[in-house]
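# Provide a 3D model corresponding to the input given below.
(chains A and B)
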Amino acid sequence: QKEVEQNSGPLSVPEGAIASLNCTYSDRGSQSFFWYRQYSGKSPELIMFIYSNGDKEDGRFTAQLNKASQYVSLLIRDSQPSDSATYLCADRSKDSNYQLIWGAGTKLIIKP
Amino acid sequence: DGGITQSPKYLFRKEGQNVTLSCEQNLNHDAMYWYRQDPGQGLRLIYYSQIVNDFQKGDIAEGYSVSREKKESFPLTVTSAQKNPTAFYLCASSRTGLGYTFGSGTRLTVV
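From the prediction side, this is the model:
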């Protein structure tokens, strides 16, 4: 059973600080990784994806992938109260017929 | 604008009743998915379809049924066999190898 693990939180971060969200995955065959943000009562929206080892930056967001350690993270710089949401990590593996395998999500709270 | 539309936004079901949730996309995506989300929980896969006229059960298919007669449409029926259907239902679509695009969801409540 392929799994994606996330700490459910809540993770509380002061406004303006860096929020660090982590995710581990069990399938060494996983090829791509996705971070979604879900506000309470709303549907998930894609914020970042990463295929290669290393860092990928998009504005205040940086995704980091370490395939050797089977670890993917999302950093949010200059955290804002509007970043308060649940962040879902997902991976796509050939073994799962290219479907996304979802983590349960980490709830992030940015305190003003 | 391309997107994925779910309707209705809110749905109330009486005991023993079947209800159908609509999902339509104009993104020309091949694959479509139905998820259930309970409060404070993650996404659980109900059914998915990768091509027209074909679909597969997900992790929690019991009490649900789907059809995929058109590429654009993937309706979900919640049958009376589903004993605890109150949840937030999310439809998604994707092109092979890419991330999913979600609809805005349907909140189903048993009355």
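
# okay, CA-based contacts and neighbour counts for the rest of this
Fine.

# Look up how far residue B:50 lies from residue A:87.
Between residue A:87 and residue B:50 the distance is 26 Å, computed by C-alpha to C-alpha, to the nearest Å.

# And residue A:11, by the same measure?
Separation of residue A:11 from residue B:50 (C-alpha to C-alpha): 36 Å.

# Between the two, which is the more surrounded one?
Between residue A:11 and residue B:50, residue B:50 has the larger neighbour count (other C-alpha atoms under 10 Å in any protein chain shown), namely 20 against 16.

# Compute the distance between residue A:13 and residue A:84, please.
Distance, residue A:13 to residue A:84, by C-alpha to C-alpha: 9 Å.

# On the pLDDT front, check residue 44 for me.
Reading this off chain A. With respect to pLDDT, residue A:44 scores 97.

# switch to chain B, that's the one I care about
On pLDDT, residue B:44 comes in at 95.

# which secondary structure elements does the host helix or strand of it contact?
Using DSSP states H and E, residue B:44 falls within strand B:43-51. In terms of contacts (3 or more C-alpha pairs under 8 Å, 6 or more residues apart in numbering or on different chains; DSSP states H and E), strand B:43-51 is packed against strand B:31-37, strand B:54-57.

# Pipe these into JSON lines and attach mean neighbour count, mean pLDDT and distance to residue A:102 per row.
Output for these, formatted as JSON lines (neighbours: other C-alpha atoms under 10 Å in any protein chain shown; pLDDT from 0 to 100; distance: least, C-alpha to C-alpha, whole Å):
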{"stretch": "strand B:31-37", "mean neighbour count": "23", "mean pLDDT": "97", "distance to residue A:102": "11"}
{"stretch": "strand B:54-57", "mean neighbour count": "14", "mean pLDDT": "96", "distance to residue A:102": "17"}
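
# And the ones you listed: which comes nearest residue B:111?
Of all the helices and strands packed on strand B:43-51, strand B:31-37 sits nearest to residue B:111, with 18.5 Å by C-alpha to C-alpha.
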